[in-house]
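Engineer: This is a predicted model, with the sequence first.
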Amino acid sequence: MPVLSLRLDPKLDRKLKHLSDDAERPKSYFVKKALELYLEEYEDYRLAMARRADQDDEVLSLGRMRKSLGL
């Protein structure tokens, strides 16, 4: 398994240590979870920006969307 080394600001490290101690999990668990969530969100962002830039992608108004969903 690949290993990543990083330097943390002391304040961030303290917060991470407190969380780790309270949850009785290693700090690496929370770092991995945070990175997974960030990467998922970032991929959604990239997709949204690509769709926004696509001139051929139809954009629906709120009213049309509600009507199409029967709301």
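Structural biologist: Thanks, I have the structure now.

Engineer: Now find how far off-centre the helix or strand hosting E43 is within its chain.
Structural biologist: Using DSSP states H and E, the element containing E43 is helix 27-53. In this view, helix 27-53 has its centroid 3 Å away from the chain centroid, taken as C-alpha atoms, centre = their mean, to the nearest Å.

Engineer: What lies in contact with the helix or strand following it?
Structural biologist: Per DSSP H and E, the first helix or strand lying C-terminal to helix 27-53 is helix 62-69. Outside helix 62-69, the residues within contact range by C-beta atoms under 8 Å, 6 or more residues apart in numbering are L60. C-beta coordinates here come from the backbone N, C-alpha and C atoms, glycine included.

Engineer: By mean pLDDT, which helix or strand of the protein comes out lowest?
Structural biologist: Least confident helix or strand of the chain, by mean pLDDT, DSSP states H and E, is helix 62-69 with a mean of 92.

Engineer: For S5, give me phi and psi.
Structural biologist: phi -110, psi 140 (degrees, to the nearest 10).

Engineer: where does it land on pLDDT?
Structural biologist: S5 is assigned a pLDDT of 94 by the prediction.

Engineer: residues near it, how many?
Structural biologist: S5 sits with 4 neighbouring residues when counted by other C-beta atoms under 10 Å.

Engineer: That one and S28: what is the separation?
Structural biologist: 11 Å (C-beta to C-beta, to the nearest Å).

Engineer: Touching stretch 11-18 from outside, list them.
Structural biologist: Taking C-beta under 8 Å, 6+ apart as the rule, stretch 11-18 contacts L8, K27, F30, V31.

Engineer: out of the residues you listed, which are buried?
Structural biologist: With burial judged by 16 or more other C-beta atoms under 10 Å, the buried subset of the contacts of stretch 11-18 is empty.

Engineer: As TSV, these with pLDDT would be great.
Structural biologist: Formatted as TSV, the contacts of stretch 11-18 follow (pLDDT from 0 to 100):
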residue	pLDDT
L8	96
K27	97
F30	97
V31	97
